[in-house]
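J.: Here is a sequence with its predicted model. Questions after.
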There are 2 protein chains.
Amino acid sequence: MTPDEARARFRGGLRVPTAGLCPGWTQANLLVVPRAYAYDLLLFAQRNPRACPVLDVGDEGAVQTSIFRGDLRTDLPGYVVYENGVPVAELSDVTAFWRADLVPFLFGCSFTFEDALVRAGVPVRHLEAGSNVPMYRTGIPCRPAGALSGPLVVSMRPVPASLVAMAVRVTSRYPAVHGAPIHVGESEELGIRDLKAPDFGDPVEIRPGEVPVFWACGVTTQAAAMASGVRFAIGHAPGHMAITDARDSDYIVP
Amino acid sequence: MTPDEARARFRGGLRVPTAGLCPGWTQANLLVVPRAYAYDLLLFAQRNPRACPVLDVGDEGAVQTSIFRGDLRTDLPGYVVYENGVPVAELSDVTAFWRADLVPFLFGCSFTFEDALVRAGVPVRHLEAGSNVPMYRTGIPCRPAGALSGPLVVSMRPVPASLVAMAVRVTSRYPAVHGAPIHVGESEELGIRDLKAPDFGDPVEIRPGEVPVFWACGVTTQAAAMASGVRFAIGHAPGHMAITDARDSDYIVP
């Protein structure tokens, strides 16, 4: 499936997590904020680059960006609308909520490197299970910027102990989509109480001999919008990403 | 010399280009703009990351940032003050021009990797000559952002043909301070008419067997301030950088 084809299906109402879709194409977190918050969000991203790697920022009022040639209001499989930091609607078309002063931000997503993990022989459990990746709010505060603050959010993939080093090596090559893990094992140190109860997405099985490996997650930006009581924002539904027209290979470093 | 010692000398009036000073410590381009321009500048940087790698952004009105523990108004060896895009003063203390609505930006500077070049056996001509690095406005337009647009500015170092690959390899490891060259040889293709007449800094000798190698340069941000008629801005005097408290090694990638 090409990005165009996937976006057409989402526009037609298909609502699925996007992990595993359109291999080879970059997936992105969406957060759309009023222009009054745009500087704080861009600065927040600059100060928290592991969690919030900026792939692209659209112009004020734009419904496309240079790497997303669809319509940001309809072409993701799911959205969350926030008012004063509270999710007030989860839906598959946000045209009715769009306003001329909104600025769309696209941040890197770790789904982008999952194809490379699989090709390197590292199993990805939520892909095998056909479920959404588990995501957790941690006890680690992000570096604030203006009106924005909040906790680091991480995604988790269980990795066989013998393949942890390979998972680190493969994902290190993709810094623009969160890069290397921020933590391997010992989830208590991150302030995560129960791996079976993710804050976003679905739980996955951790088998004997597997280690939970944590990557910074772009949902951090939505957690900040919530924690900061942002007046208005639109995000993708966690795991239901923007599929862009940029190739994974555009973001590989040597 | 430590960064603190160097900054104390500059505060005392020493005015010299900073290439070669405080090896092992990161040098940075300074551009200070009113808050009204801060979003456009941060977005301009995001859209032109080779030339404008953001190292740090201070809070509105701050005279320090997290990586610069001196006083940004006095602790650089030279400053340029711009009004409506026109340089109106070049001086060594800008305290009188500082205002509460100013936001200080620090961008990576290629001086940071010159120590690594020298250690790898790549001669750096302007260091040998004790002069400032030559910098040129190119004919390549940056990607605009809001009120900001302008040409890419590059720095040039002549490199013996047999060492060009080494210079590429060494500097590739420092993407936060401009990284690999953007162009090797053939300066006409960049729209540079005369290598002997740099737009900023001093000309250097290109010896037989040497190739001019071009790196993106943080003065690009000041060129944009000029080309865009920014109402007010303060920059470092080209080549007279902010010496920060961050280590070069903080910015090395594998």
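T.: Yes, it's here.

J.: which one is the closest residue to chain B within the stretch 101-250 of chain A nearest to, not counting chain neighbours?
T.: Nearest residue of the stretch 101-250 of chain A to chain B, counting by CB to the nearest CB: A:Ser172, 6.9 Å away. From N, CA and C alone the C-beta is placed, and that goes for glycine too. Nearest non-adjacent residue to A:Ser172, counting by CB to CB, 6 or more residues apart in numbering or on different chains: A:Ala180, 4.3 Å away.

J.: Could you look up the SS state of that neighbour?
T.: Under the three-state scheme (DSSP: H, G, I helix; E, B strand; the rest coil), A:Ala180 adopts coil.

J.: Tell me who's in contact with the residue nearest to A:Arg50 when sequence neighbours are not counted.
T.: Residue nearest to A:Arg50 in three dimensions, not counting chain neighbours: A:Ala216, with 4.2 Å by CB to CB, 6+ apart. By CB atoms under 8 Å, 6 or more residues apart in numbering or on different chains, A:Ala216 lies in contact with A:Arg50, A:Ala51, A:Leu152, A:Val153, A:Val154, A:His178, A:Gly179, A:Ile182.

J.: Kindly state the pLDDT recorded for A:Ala216?
T.: If you check A:Ala216, the pLDDT there is 97.

J.: Pop out the phi and psi values for it.
T.: phi -60, psi 150 (degrees, to the nearest 10).

J.: Quick check: beta-bridge partners of it?
T.: Beta-bridge partners recorded for A:Ala216 (DSSP bridges): A:Val154.

J.: Check the gap between it and A:Pro104 for me.
T.: For A:Ala216, the distance to A:Pro104 equals 21 Å [CB to CB, to the nearest Å].

J.: Repeat that for A:Asp245.
T.: Separation of A:Asp245 from A:Pro104 (CB to CB): 15 Å.

J.: Looking at these two now, which is surrounded by more residues?
T.: A:Pro104 (25 against 18; other CB atoms under 10 Å in any protein chain shown).

J.: Touching, that one and A:Leu30? I think so.
T.: Yes. Using CB atoms under 8 Å, A:Pro104 is in contact with A:Leu30, at 6.6 Å.

J.: Pick out the residue in the stretch 1-150 of chain A sitting closest to chain B.
T.: Nearest to chain B in the stretch 1-150 of chain A, going by CB to the nearest CB, is A:Tyr39, at a distance of 3.8 Å.

J.: Spit out the contact partners of the residue nearest to A:Ser172.
T.: So A:Ala180 contacts A:Val168, A:Thr171, A:Ser172, A:Trp215 (CB under 8 Å, 6+ apart).

J.: try 6 Å
T.: For A:Ala180, the contact set (CB atoms under 6 Å, 6 or more residues apart in numbering or on different chains) comprises A:Val168, A:Thr171, A:Ser172.

J.: Filter these down to the buried ones.
T.: Neighbour-count burial (16 or more other CB atoms under 10 Å in any protein chain shown) is assigned, among the contacts of A:Ala180, to A:Thr171.

J.: can you tell me which of the contacts of A:Ala180 are in helices?
T.: A:Val168, A:Thr171, A:Ser172 (DSSP state H).

J.: Reformat those into TSV and put pLDDT next to each item.
T.: Below are the ones in helices among the contacts of A:Ala180 laid out as TSV (pLDDT from 0 to 100):
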residue	pLDDT
A:Val168	95
A:Thr171	95
A:Ser172	93
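
J.: Let me know the secondary structure of the nearest residue in space to A:Phe105 that is not next to it in sequence.
T.: Excluding its sequence neighbours, the residue lying closest to A:Phe105 (CB to CB, 6+ apart) is A:Leu31, at 5.0 Å. Look at A:Leu31: counting by three-state DSSP, its state is strand.

J.: Surely A:Leu31 touches A:Gly235?
T.: Yes. With contact defined as CB atoms under 6 Å, A:Leu31 reaches A:Gly235; the gap is 5.0 Å.

J.: how about the strands of the stretch 101-250 of chain A, start to end?
T.: A:102-108, A:135-141, A:151-160, A:183-184, A:210-216, A:232-236, A:242-247 (DSSP state E, counting those that start in this stretch).

J.: which regions of chain A lie under the pLDDT threshold?
T.: Segments of chain A classed as low confidence (criterion: pLDDT under 70) are A:254.

J.: Which residues of it lie near chain B?
T.: For chain A, the contact set with chain B under CB under 6 Å from any CB of the partner chain comprises A:Ala38, A:Tyr39, A:Leu42, A:Leu43, A:Gln46, A:Val54, A:Val57.

J.: Most neighbours among those residues, which one is it?
T.: Busiest of these [other CB under 10 Å] is A:Leu42, holding 27 neighbours.

J.: contacting residues for that residue?
T.: By CB under 6 Å, 6+ apart, A:Leu42 lies in contact with B:Leu42.

J.: repeat that for 10 Å
T.: Taking CB atoms under 10 Å, 6 or more residues apart in numbering or on different chains, we find A:Leu42 in contact with A:33, A:52, A:54, A:57, A:103, A:105, A:145-146, B:38-39, B:41-43, B:45-46, B:54, B:57.

J.: And it, how far from A:Pro160?
T.: From A:Leu42 over to A:Pro160 the distance is 39 Å, taken as CB to CB.

J.: Tell me the helix or strand right after the helix of greatest length in chain A.
T.: Ranked by residue count under DSSP H, the longest helix found in chain A is helix A:35-47. Later in the chain than helix A:35-47, the nearest helix or strand by DSSP states H and E is strand A:54-57.

J.: That next one: partners in the sheet, and parallel or antiparallel?
T.: Taking DSSP bridges as the criterion, strand A:54-57 forms sheet pairs with strand A:102-108 (antiparallel).

J.: pull the CA atoms of the strand it pairs with into PDB?
T.: The C-alpha trace of strand A:102-108 is given here as PDB (Å, rounded to 0.1, in the frame of the first residue of the first chain):
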ATOM      1  CA  LEU A 102      -4.100  26.300  13.700                       C
ATOM      2  CA  VAL A 103      -0.500  25.200  13.100                       C
ATOM      3  CA  PRO A 104       0.100  21.500  12.300                       C
ATOM      4  CA  PHE A 105       3.200  19.800  13.700                       C
ATOM      5  CA  LEU A 106       4.500  16.400  12.600                       C
ATOM      6  CA  PHE A 107       6.900  14.500  15.000                       C
ATOM      7  CA  GLY A 108       8.800  11.300  14.300                       C
END
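
J.: now the angle from that strand to strand A:242-247?
T.: 60 degrees (axes from the mean of the first three to the mean of the last three CA atoms, to 10 degrees).

J.: OK, contacts around A:Ala223?
T.: Listed by CB under 10 Å, 6+ apart, the contact set of A:Ala223 reads A:51, A:135, A:137-138, A:142, A:149-153, A:199-200, A:217, A:235, A:238.

J.: Could you work out the most separated pair of those?
T.: Spatial extent of the contacts of A:Ala223 (CB to CB) is set by the pair A:Ser149 and A:Pro238 at 19.7 Å.

J.: So the two - more neighbours on which side?
T.: A:Pro238 (24 against 16).

J.: For the closest residue to the more buried one other than its chain neighbours, list the residues it contacts.
T.: Of all residues not flanking A:Pro238 in the chain, A:Phe200 sits nearest, at 3.9 Å (CB to CB, 6+ apart). Taking CB under 10 Å, 6+ apart, we find A:Phe200 in contact with A:132-137, A:153, A:155, A:217, A:219, A:222-223, A:237-239.
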